[in-house]
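*Asks:* curious how this folds, go ahead:
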Amino acid sequence: MSDTVVMVLFALIGAVLGSFLNVAILRWPAEESVVRPRSRCPGCGSAIAWYDNVPVLSWLILRGRCRSCSRRISVQYPVIELTVALTWLGMALWQGPGLEAVRGSLLFTILLGIAVIDARHRVIPDQLSLGGALVAVALAAWPGGFPLVGALVGGVVAYGLMWLVKLGGEALLRKPALGVGDIHMMAMVGAFLGLPGGLLTVLLGSVLGLAIGVPLAGLRGDLKALGTYLPLGTFLALGAAVTYVWGDALLAWYLQVAMPA
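*Replies:* Reported below is the predicted structural model:
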């Protein structure tokens with residue numbers, strides 16, 4: 001099979017998973033099945049035929065409208081599909097069309113779903129977090145990939161540390177601190193990136209959250225309600241993406257600064 005065909009396959013897989021992710025983003029926060037009922041137009045209730053459900057292409061052909069009632073279809077659908085398709089293609093070009101490209105692509109697909117859902121609903125579905133952790137461990141068990149021990153230690157320790165942060169914060173502040181969804185998410189991130197990557201993700205996610213959340217709360221004139229404007233999972237997702245791409249370089253830089261020879 002030629003490299004071009006393989007790259008096209010990666011892109012197509014990404015587009016299909018992007019289409020599924022759109023359904024998950026819509027239904028999982030509402031605790032609905034992603035299997036039934038079939039996709040329908042929210043305006044007229046008509047079932048969407050398979051030929052109107054082709055990633056990106058159908059939206060373009062229909063000019064962003066329902067075939068039956070001409071109601072507008074959100075641009076989110078083709079944007080998510082195209083983003084995931086390009087992610088899979090880009091990962092295959094960067095890592096080569098092998099196991100690591102699949103692992104990195106799945107991680108970024110999961111992170112995108114978490115980022116969008118948490119930004120909108122302040123919730124992180126277990127299907128993405130705990131389900132993603134199982135995917136990470138299963139891929140680590142495959143020979144020649146990310147070490148299984150690293151995935152298990154990263155997932156379990158990150159999960160435990162986040163629970164300690166939650167319990168310690170609640171004891172200190174005497175109010176809820178850190179959502180369980182964020183804890184489950186970090187188990188997934190730790191399983192994908194290992195313990196050092198998980199810790200770096202927490203650091204980067206916290207910095208990004210404060211850098212964006214504090215100014216936003218200030219603009220709203222309500223710094224006391226900062227948590228209302230801070231979907232931590234969204235920023236942890238950004239931190240995990242940065243860690244996957246530049247984590248080794250950032251950790252090496254930190255060790256060089258903290259412990260110069």
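
*Asks:* what's the helix or strand where Tyr254 lies packed up against?
*Replies:* Assigned by DSSP states H and E, Tyr254 falls within helix 232-258. Helices and strands touching helix 232-258, by 3 or more Cβ pairs under 8 Å, 6 or more residues apart in numbering; DSSP states H and E, are helix 99-121, helix 180-220. C-beta: built from backbone N, CA, C; applies to glycine.

*Asks:* now mean neighbour count, distance to Trp253 and mean pLDDT too, for those helices, in JSON lines please.
*Replies:* Listed next are the helices and strands packed on helix 232-258 as JSON lines, based on neighbours: other Cβ atoms under 10 Å; distance: least, Cβ to Cβ, whole Å; pLDDT from 0 to 100:
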{"stretch": "helix 99-121", "mean neighbour count": "21", "distance to Trp253": "22", "mean pLDDT": "97"}
{"stretch": "helix 180-220", "mean neighbour count": "21", "distance to Trp253": "11", "mean pLDDT": "89"}
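
*Asks:* among these, which is nearest Ala237?
*Replies:* Set against Ala237 and scored by Cβ to Cβ, the helices and strands packed on helix 232-258 come closest in helix 99-121, at 4.0 Å.

*Asks:* just how off-centre is the helix holding Tyr254 within its chain?
*Replies:* 16 Å (Cα atoms, centre = their mean, to the nearest Å).

*Asks:* tell me what angle it forms with helix 99-121.
*Replies:* Angle, helix 232-258 to helix 99-121, by axes from the mean of the first three to the mean of the last three Cα atoms, to 10 degrees: 130 degrees.

*Asks:* pull out the buried positions in helix 232-258.
*Replies:* 232-244, 247 (16 or more other Cβ atoms under 10 Å).

*Asks:* helices or strands up against whichever strand or helix holds Leu167?
*Replies:* Assignment of secondary structure by DSSP H and E places Leu167 within helix 148-173. Applying 3+ Cβ pairs under 8 Å, 6+ apart, we find helix 148-173 packed against helix 126-140, helix 180-220.

*Asks:* in the shortest one, what counts as buried?
*Replies:* Along helix 126-140, these residues count as buried under the neighbour rule (16+ other Cβ under 10 Å): Asp126, Leu128, Ser129, Leu130, Gly132, Ala133, Val135, Ala136, Val137, Leu139, Ala140.

*Asks:* tilt between it and helix 232-258?
*Replies:* Using the same axes, to 10 degrees: helix 126-140 against helix 232-258 is 40 degrees.

*Asks:* going by distance to Val23, which of the buried residues of helix 126-140 wins?
*Replies:* Leu128 (12.7 Å).

*Asks:* ok, the closest one - contacts?
*Replies:* Ala24, Trp28, Ile110, Gly113, Ile114, Ile117, Met185, Met188 (Cβ atoms under 8 Å, 6 or more residues apart in numbering).

*Asks:* and for Leu200?
*Replies:* By Cβ under 8 Å, 6+ apart, the contact list for Leu200 reads Leu193, Gly239, Thr243, Gly247, Leu250, Leu251.

*Asks:* max pairwise distance over the residues you listed: which two?
*Replies:* Gly239 and Leu251 (13.3 Å).

*Asks:* state the phi and psi torsions of the residue lying closest to Pro42 once chain neighbours are set aside.
*Replies:* Nearest residue to Pro42, sequence neighbours excluded (Cβ to Cβ, 6 or more residues apart in numbering): Arg71, at 7.4 Å. Phi and psi for Arg71, reported as degrees, to the nearest 10, are phi -70, psi 140.

*Asks:* show me what counts as buried in the helix holding Leu167.
*Replies:* Buried residues in helix 148-173, counted by 16+ other Cβ under 10 Å: 148, 150-155, 157-159, 161-162, 165-166.

*Asks:* off-centre distance for that helix?
*Replies:* On Cα atoms, centre = their mean, the centre of helix 148-173 falls 19 Å from that of its chain.

*Asks:* and it with helix 126-140, angle?
*Replies:* Counting by the same axes, to 10 degrees, helix 148-173 lies at 150 degrees to helix 126-140.
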